[in-house]
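Trainee: Mind looking at a prediction? Sequence and model below.
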Amino acid sequence: MKNNKLKIVLFFMFITVFFTAFLNMVNTHPAFSYKTLNNKSVAVKKINGKNIEKLYKKYGAYIIKKDVVLKLNKNYKLREYVTESLKILSQRGINKYSEVVIPFSTKYQKIKFLYAYTLLKGMFKIPIGKHAVNIVSPGFAVNYPAYSDIKYLTLSMPAVEDGSIINFSYEINNFKPLIKNGVFYTNYFSYSIPVKKINFSLVYPSGVKLNTYLHNIKKSYLFKKTVLIKNKKFTKLSISAINVPAIKKESNMPPEKNFRQYISISTYTSWRTLLNRINEMFKKAESPDKKIEKFVKSAIKKYKGEDNGSIIEEKKEAASIYDKFVKTFRYVGIGYGINGYSPADAIVVFNDGYGDSKSLAALLIAMLRTAKINAYPVLITSLNTTGFNKKTISPKQFDSVLIGLTFKESGGRHVNYYLYPDSSSYKAFDIPFESAGRKGIAILGHNKFKFIKTPSEKPNQNEKIFLFKGEINKNGTLRGTISAKYKGIYSNYERSSLKNINHYEKTITVYNSLYNFLPGAQIKGFNFKNLRNINKNLKLIIKIKDKNYGTKKRDKLIFHSILPVDSGLLGLVLKRKRRYNLVIGYPFEHKGLIIIKLPAKSYIYYMPKELKLKGSSSSAYSKCKFLNNKAELICSYKFESEKPTVSTEEYKRYRKIIRSYLQYMKNYFIAVSSVYFY
């Protein structure tokens with residue numbers, strides 16, 4: 001009896017130990033430490049090393065430990081010390097992490113390499129060779145001379161193999177703030193590979209006030225204390241995390257930063273103070289000269305009366321200045337704030353012929369104000385970044401600058417418009433889909449600013465409109481004209497891909513396009529309209545002939561209706577289930593009209609039923625009708641995606657509508673009877 005009780009006790013003890021080990025192994029939630037960076041005070045979970053590495057192998061590597069220490073002085077100069085230890089687990093890890101690349105700006109930063117070595121089998125230390133440490137210019141600097149100060153410190157790690165550990169350390173001295181009294185720093189605790197342990201600390205003078213924002217981390221995890229350094233009081237912020245899982249990626253997902261754990265620090269504690277500083281920098285840069293005045297005068301010349309010099313409405317003048325501006329100046333940016341937050345002087349940008357987002361914005365504002373049109377900078381977050389966060393008082397979260405204008409329209413109401421200075425693909429008052437429906441800040445002047453939201457796009461702003469008009473004879477030969485009209489994002493995409501290619505390359509493009517709905521058809525001629533005119537929608541016109549389009553069987557002629565396959569829609573819904581929301585970026589419509597003249601005295605023997613599908617994010621419609629008196633078949637179709645983002649809850653229905661719509665199109669056959677009797 002005693003032996004049986006003992007066996008039961010031992011069995012339950014074994015089960016308890018087993019499940020504890022199992023939970024430790026599969027735990028993917030980061031554990032944050034309340035303590036300082038002293039290793040003895042950090043409670044590190046015990047994890048079975050072999051099992052966790054097996055779990056991590058698909059990522060190629062994982063970070064064993066990373067320490068980031070920041071030191072800020074009273075002059076707003078920041079020193080950053082980074083030490084990292086990373087274990088390689090597969091060939092994927094070797095390919096991706098054996099070359100360490102650290103970007104920095106020679107204009108604002110100095111970098112100091114401290115050490116680097118590879119540890120083999122936990123005991124053999126292979127130091128990096130002096131020729132494996134280099135300062136190089138990135139490839140984009142060749143085409144974008146405005147960013148010649150951007151350099152990379154590269155470390156080519158030696159003897160990297162499966163199971164090896166890469167160790168390196170460096171120091172970055174931010175000797176010149178990107179903006180006066182401005183230090184803006186973000187430290188991430190999660191990456192695309194797992195992190196076993198990460199420590200972060202910031203030491204700064206106790207009199208300095210900071211704006212601190214924690215994303216996906218509780219405030220209670222941040223430890224703060226006062227320390228004495230050379231008899232002076234400093235404040236130390238510290239936070240540690242262990243067992244941070246890798247961010248799982250998915251196609252068309254929201255920006256990765258949304259799902260990271262991070263801490264953002266800014267030395268500005270009010271938006272008013274920061275925006276006044278940015279406003280000063282723009283005002284300084286916006287001063288025009290005679291060259292700029294002459295440019296503006298020629299742009300709006302047609303809006304001046306020959307005799308009295310009267311000015312037509314401001315909106316037309318602004319559009320005219322913008323049209324000439326985007327044809328003359330080139331965008332060369334790689335992100336707002338890389339080259340400092342101060343725009344280059346308008347005169348400098350005018351003479352250079354290129355500039356980044358903020359510099360082009362300053363020049364365009366100078367031009368508009370020369371024409372006595374009130375314009376102002378608008379800081380915006382695009383779809384490529386997380387949404388605007390009022391709690392983080394930092395210009396780092398903005399990645400673009402728009403030009404804001406306010407016009408008084410009929411009825412006395414004031415309407416806001418925006419110009420996008422960074423591209424030659426958008427007509428006046430159109431902005432990229434990445435900037436539509438996004439929050440930002442309009443800087444109206446000193447102590448004058450407002451939080452804004454740019455207008456959201458509607459589906460009919462982004463359209464592919466397909467029209468076919470032609471005839472099919474009794475032998476199944478099809479002749480006719482196809483016209484494809486592109487609006488919004490489609491017009492910009494097609495125009496950018498076509499404007500710099502030759503006639504042969506355009507012919508290949510047209511054949512590829514035709515393959516989607518008339519494979520095997522012969523092109524008799526084609527023409528692109530408005531390819532260079534950004535103020536009009538791009539249009540493609542193709543004349544075609546297909547001898548074998550219809551199949552004749554006895555007294556019937558069978559053919560597939562001329563409907564595009566819309567294969568691009570398939571890419572959106574390849575996954576059955578989604579982890580994250582589906583980010584398309586823009587609403588859109590695909591629609592068309594097909595008019596086919598049938599052989600005389602024939603009638604429709606078979607035609608598909610009308611299609612109607614409706615969901616919260618999309619809808620699909622298709623219908624054909626036969627006009628007997630004209631022997632004419634008319635088919636129309638439309639697919640509408642109503643939202644730029646489809647939630648995971650909506651995705652199931654969205655996917656089903658697309659699949660049903662495409663299957664319907666694929667099997668859209670028409671049968672015409674009595675084609676022999678003329």
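Mentor: Yep, that arrived.

Trainee: CA atoms for contacts and neighbours, from now on please.
Mentor: Will do.

Trainee: Would you map the helices across the stretch 301-450 of the chain?
Mentor: If DSSP state H, counting those that start in this stretch is used as the criterion, the helices of the stretch 301-450 of the chain fall at 314-328, 346-352, 357-370.

Trainee: What is the second one packed up against?
Mentor: The helices and strands touching helix 346-352, judged by 3 or more C-alpha pairs under 8 Å, 6 or more residues apart in numbering; DSSP states H and E, are helix 357-370.

Trainee: And for the closest residue to residue 658 other than its chain neighbours, the neighbour number?
Mentor: Across the structure, with C-alpha to C-alpha, 6 or more residues apart in numbering as the measure, the residue nearest residue 658 apart from its sequence neighbours is residue 569 (7.1 Å). Neighbour count for residue 569, taken as other C-alpha atoms under 10 Å: 13.

Trainee: Now residue 266: phi and psi?
Mentor: phi -140, psi 140 (degrees, to the nearest 10).

Trainee: pLDDT score for the closest residue to residue 449 other than its chain neighbours?
Mentor: Leaving out its chain neighbours, the residue that sits closest to residue 449 by C-alpha to C-alpha, 6+ apart is residue 443, at 4.6 Å. We note a pLDDT of 97 for residue 443 in this prediction.

Trainee: Pretty sure residue 375 is one of the things residue 443 touches, is it not?
Mentor: No: with contacts defined as C-alpha atoms under 8 Å, residue 443 does not count as touching residue 375, sitting 9.8 Å away.

Trainee: Same list (the helices of the stretch 301-450 of the chain) but as a markdown table, adding mean pLDDT, distance to residue 293 and mean neighbour count.
Mentor: Rendered in a markdown table, the data for the helices of the stretch 301-450 of the chain read as follows (pLDDT from 0 to 100; distance: least, C-alpha to C-alpha, whole Å; neighbours: other C-alpha atoms under 10 Å):
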| stretch | mean pLDDT | distance to residue 293 | mean neighbour count |
| --- | --- | --- | --- |
| helix 314-328 | 91 | 11 | 19 |
| helix 346-352 | 92 | 11 | 18 |
| helix 357-370 | 94 | 6 | 27 |
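
Trainee: Between these, which one is closest to residue 289.
Mentor: helix 346-352 (6.8 Å; C-alpha to C-alpha).

Trainee: How far off centre is the closest one?
Mentor: Its chain's average C-alpha position is 29 Å from that of helix 346-352, according to C-alpha atoms, centre = their mean, to the nearest Å.

Trainee: Using the three-state scheme, assign the residue nearest to residue 658.
Mentor: helix (DSSP: H, G, I helix; E, B strand; the rest coil).

Trainee: in the chain, which residue is closest to the centre?
Mentor: Centrality entry for the chain: nearest residue to the mean C-alpha point is residue 384, 2.9 Å, by C-alpha atoms, centre = their mean.

Trainee: for the nearest residue to that one once chain neighbours are set aside, what are its contacts?
Mentor: Take residue 384 and drop its neighbours on the chain: the residue closest to it by C-alpha to C-alpha, 6+ apart is residue 255, 6.1 Å away. Taking C-alpha atoms under 8 Å, 6 or more residues apart in numbering as the criterion, residue 255 is in contact with 383, 384, 385, 386.

Trainee: that older thread, you'd agree the residue nearest to the centre of the chain is up against residue 436?
Mentor: No: counting by C-alpha under 8 Å, residue 384 sits too far from residue 436 to count as a contact (11.8 Å).

Trainee: Look up how far residue 344 lies from the residue nearest to residue 449.
Mentor: Spatial separation of residue 443 from residue 344 under the definition C-alpha to C-alpha, to the nearest Å is 18 Å.

Trainee: same deal with residue 438?
Mentor: To residue 344, residue 438 is 26 Å away according to C-alpha to C-alpha.

Trainee: again, but for residue 85
Mentor: When C-alpha to C-alpha is applied, the distance between residue 85 and residue 344 equals 40 Å.

Trainee: and these two? which has more neighbours close in?
Mentor: Set side by side, residue 85 and residue 344 give different neighbour counts by other C-alpha under 10 Å, the larger being at residue 344 (23 against 20).

Trainee: Find the nearest non-adjacent residue to the more buried one, please.
Mentor: Here the residue nearest residue 344, using C-alpha to C-alpha, 6+ apart, is residue 359, at 5.1 Å.

Trainee: So what would you say the end-to-end distance of stretch 251-260 is?
Mentor: 17 Å.

Trainee: correction: stretch 433-451
Mentor: Stretch 433-451 has its terminal residues 19 Å apart, counting by C-alpha to C-alpha.

Trainee: buried stuff in it?
Mentor: Taking 16 or more other C-alpha atoms under 10 Å as the neighbour-count basis, stretch 433-451 is seen to contain the buried residues 433, 435-445, 449.

Trainee: Just the C-alpha atoms of the helix or strand residue 234 falls within, please, in PDB.
Mentor: Under the criterion DSSP states H and E, the helix or strand holding residue 234 is strand 232-244. Backbone C-alpha positions of strand 232-244 (Å, rounded to 0.1, in the frame of the first residue of the first chain) are rendered in PDB as follows:
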ATOM      1  CA  LYS A 232      26.600  65.600  -9.600                       C
ATOM      2  CA  LYS A 233      23.100  64.300  -9.700                       C
ATOM      3  CA  PHE A 234      22.000  62.200 -12.600                       C
ATOM      4  CA  THR A 235      18.900  60.200 -13.300                       C
ATOM      5  CA  LYS A 236      19.100  56.700 -14.500                       C
ATOM      6  CA  LEU A 237      16.400  54.900 -16.500                       C
ATOM      7  CA  SER A 238      16.700  51.200 -17.000                       C
ATOM      8  CA  ILE A 239      14.700  48.300 -18.300                       C
ATOM      9  CA  SER A 240      15.500  44.700 -19.100                       C
ATOM     10  CA  ALA A 241      13.600  42.100 -21.100                       C
ATOM     11  CA  ILE A 242      14.100  38.300 -21.400                       C
ATOM     12  CA  ASN A 243      12.800  35.700 -23.800                       C
ATOM     13  CA  VAL A 244      11.300  38.200 -26.300                       C
END
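
Trainee: Give the other helices and strands that it contacts.
Mentor: Under the contact definition 3+ C-alpha pairs under 8 Å, 6+ apart, strand 232-244 sits against strand 31-33, strand 195-205, strand 223-229.

Trainee: if you set the cut-off to 10 Å instead, what comes out?
Mentor: With contacts defined as 3 or more C-alpha pairs under 10 Å, 6 or more residues apart in numbering; DSSP states H and E, the packing partners of strand 232-244 are strand 31-33, strand 61-72, strand 195-205, strand 223-229.

Trainee: Okay, now the sheet partners of it, with direction.
Mentor: When pairs are called by DSSP bridges, strand 232-244 turns out to pair with strand 31-33 (antiparallel), strand 195-205 (antiparallel), strand 223-229 (antiparallel).
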